[in-house]
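Enquirer: here is a sequence with its predicted model. Questions after.
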Amino acid sequence: MRGRHLFKNVFVIILTNVGSSIALILLNKQIFNSGFHATLALTCLHLFVSAFFVRLAGSYFGVFTPCNVPWRAACSIAAGRVLSIASMNLNLFYNSLSFYQLSKIAVLPATIFVKTCIMNEDLSAQKAVAAIATSVGVTLATVSHPTATFGGAAIAFVAVACCVFAMVSGEGVKRIKGVSTMQMMYAELPLATAMLLLVIPFTGDYSKLREMRALDLEMWILISLSALGAVCINISGFVSVVRLSAIDYLMCGHLKTTLLLAWGVFVDDDVPVQLVVGCAVAGIGLWRFYAATAGEIASTEKPESASIRKGQ
């Protein structure tokens, strides 16, 4: 029963993350189309609002009890979050959109390699094959004619490494005794916000903000809604990484992409065959991965139920 309860809880978390991510993508698209192009500044605002809501939940509403979190762990997770955000933005600036997308997809296979070959963690062959198949499917559906210079490829490599570091450090919270996910976010999010705020003056966002005209009411409403959506994503995403694993969270990201692409397949009239094939391959990979995950949870329930029957 405990495994099934965990699966239901995680399913709700993933559903929240997927739904809020799709809403945030649509909101951000509207924001950028309206003339706001300071992406790092917007991300910094998202982190600040998330930190505010987590602090509110812990300090004033008693949702959890704040505690002393190991300083090194909080700084490591905050640095991983900021490095992954900044490096991926740099990656997009120096490379084509297709190559940027390819490097984002490469984070999943790279995480599998690090966790299985370097950290010696167990991952079933069924889940590994399903994850790689999903990555191939998303690549087929979203990547065409990627181009990059040697310098751009090096930046993309660093960006992928930073994202893997962020995933692995975030997952490490479960190994810290007496610290919950929300308690870690209580300590980590303000640090991440401050770090990203220090990075912005050295990026193109600083000049964009200085040149930007005053925002109208509609833009402020869109940015506010975007920040609220980011709160749901940041909290549900971090909980997903800790409660499950980095690989499960990255597969959740591919689920969002596949759902958006599948929606486009059904809505658009002229759909490339490559997109349809990619969506199909990714869909099969996702189905096999989550079927394997459900099977693992069910297998952990059997010994528990057997021991209960023995005790009776």
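Expert: Okay, I see it. Remember, it's a predicted structure, so these values are computed and weren't measured experimentally.
Enquirer: tell me where the stretch 201-312 of the chain has helices.
Expert: Under the criterion DSSP state H, counting those that start in this stretch, helices of the stretch 201-312 of the chain are mapped to 204-211, 217-243, 246-267, 273-311.
Enquirer: among those, which comes closest to Ala51?
Expert: Between Ala51 and the helices of the stretch 201-312 of the chain, the tightest spacing by CB to CB is seen for helix 217-243, at 8.9 Å. The C-beta positions use only the backbone N, C-alpha and C, and glycine is treated the same way.
Enquirer: for the closest one, packing partners?
Expert: Contacts defined by 3 or more CB pairs under 8 Å, 6 or more residues apart in numbering; DSSP states H and E place helix 217-243 against helix 2-33, helix 39-59, helix 150-171, helix 181-199, helix 246-267.
Enquirer: picking that back up, need the helices of the stretch 201-312 of the chain in JSON lines with mean pLDDT and distance to Glu121, can you?
Expert: Formatted as JSON lines, these follow (pLDDT from 0 to 100; distance: least, CB to CB, whole Å):
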{"stretch": "helix 204-211", "mean pLDDT": "78", "distance to Glu121": "37"}
{"stretch": "helix 217-243", "mean pLDDT": "86", "distance to Glu121": "14"}
{"stretch": "helix 246-267", "mean pLDDT": "85", "distance to Glu121": "10"}
{"stretch": "helix 273-311", "mean pLDDT": "77", "distance to Glu121": "14"}
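Enquirer: so which of the ones you listed is nearest Phe32?
Expert: Once the helices of the stretch 201-312 of the chain are compared by CB to CB, helix 217-243 is nearest, at 10.1 Å.
Enquirer: got the buried residues for that closest one?
Expert: For helix 217-243, a neighbour-count test (16 or more other CB atoms under 10 Å) marks 222-223, 226-243 as buried.
Enquirer: try stretch 27-42
Expert: Under 16+ other CB under 10 Å, the buried positions of stretch 27-42 are 27-28, 31, 36, 38-42.
Enquirer: just to revisit the earlier point, export the helices of the stretch 201-312 of the chain as JSON lines, with columns for distance to Asn68.
Expert: Listed next are these as JSON lines, based on distance: least, CB to CB, whole Å:
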{"stretch": "helix 204-211", "distance to Asn68": "34"}
{"stretch": "helix 217-243", "distance to Asn68": "18"}
{"stretch": "helix 246-267", "distance to Asn68": "25"}
{"stretch": "helix 273-311", "distance to Asn68": "32"}
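Enquirer: wait, which of those helices is closest to Phe53?
Expert: helix 217-243 (5.1 Å).
Enquirer: got the angle between that closest one and helix 246-267?
Expert: Helix 217-243 runs at 130 degrees relative to helix 246-267, counting by axes from the mean of the first three to the mean of the last three CA atoms, to 10 degrees.
Enquirer: and helix 217-243 with helix 181-199, angle?
Expert: Counting by the same axes, to 10 degrees, helix 217-243 points 130 degrees away from the direction of helix 181-199.
Enquirer: for the nearest residue to Ser21 once chain neighbours are set aside, give me its contacts.
Expert: Among residues not flanking Ser21 along the chain, Lys256 sits closest, at 4.9 Å (CB to CB, 6 or more residues apart in numbering). Counting by CB atoms under 8 Å, 6 or more residues apart in numbering, Lys256 touches 17-18, 21-22.
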